[in-house]
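[1] give me a model of this one.
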Amino acid sequence: MRNTLPDEALDQLFCQARTYSAWLDKPVSDDTLQRLYGLMKWGPTSANASPARFFFIRSREGKERLRPTLAPANVDKTMAAPVTVIVAYDLLFFEKLPKLFPHNAAMRELFAQNPQLVETTAKRNSSLDGAYLIVAARALGLDCGPMSGFDNENLDREFFAAGKEREGRDQEFFPAGHVKSNFLCNLGYGDAAKLHPRAPRLEFNEACSLL
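    This is a model prediction of the structure:
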């Protein structure tokens with residue numbers, strides 16, 4: 001039996017963690033981002049498919065490419081965040097299954113022959129991976145600002161369409177047209193002085209049933 005985490009750790013991950021819109025002028029290192037991925041990748045996904053793909057946007061150039069896709073209310077906080085992650089999913093994730101799910105060679109063909117199953121699995125499990133990303137980021141002392149509020153089609157056209165430059169990546173890593181955005185998450189060190197009062201949550205008996 002594993003030990004329960006101390007209350008201090010649970011507070012950092014959940015109870016006292018907040019969604020940030022204002023950020024301190026403090027960079028997030030590449031080592032921290034690599035460690036972040038190294039933690040979150042162990043979260044479970046269906047058939048270990050790991051369909052999520054992550055774009056960590058740090059440069060001013062990258063942010064300017066992102067700006068036109070954002071809803072007006074999300075522009076300032078996104079441009080100010082040290083990192084904005086595009087949490088996306090790869091519709092060709094099943095090509096990695098021989099590596100990720102080697103004990104069942106038929107699994108790749110199951111997905112390859114069922115586009116609807118691919119879409120459903122990719123969306124659901126990239127959402128799970130995005131949640132693991134948030135928890136892992138908080139565990140490493142980062143703050144998060146997950147959000148919708150952007151134009152998925154325009155973002156996908158800008159970052160994932162054929163012929164677009166992909167810094168540090170080749171065309172085979174993100175095949176054109178097969179990667180779709182799910183949601184965005186700003187990362188950095190939040191400015192607690194600019195937090196608004198915390199919104200309430202539902203109580204157990206409002207959201208849960210014991211059957």
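
[2] helices of this protein, start to end?
    Taking DSSP state H to define them, one finds helices in the chain at 7-10, 30-40, 60-66, 72-80, 97-100, 106-112, 115-139, 152-160, 204-207.

[3] pick the most buried one from those helices.
    Compared across those, helix 115-139 shows the largest average neighbour count, a mean of 18 (mean count of other Cβ atoms under 10 Å). For every residue, glycine as well, the C-beta is placed using N, CA and C.

[4] so what's Leu187 up against?
    Applying Cβ atoms under 8 Å, 6 or more residues apart in numbering, one finds that Leu187 lies in contact with Val28, Phe56, Ala81, Pro82, Val83, Thr84, Val85, Ala137, Leu142, Asp143, Cys144, Gly145.

[5] low-confidence ranges in the chain?
    Within the chain, the stretches with pLDDT under 70 are 162-176.

[6] any idea how far Ser50 lies from Leu155?
    Noted for Ser50: a distance of 21 Å to Leu155, by Cβ to Cβ, to the nearest Å.

[7] in this protein, where's the longest strand?
    For the chain, the strand with the greatest residue count under DSSP state E is strand 179-188.

[8] buried residues in that one?
    Val179, Lys180, Ser181, Asn182, Phe183, Leu184, Cys185, Asn186, Leu187, Gly188 (16 or more other Cβ atoms under 10 Å).
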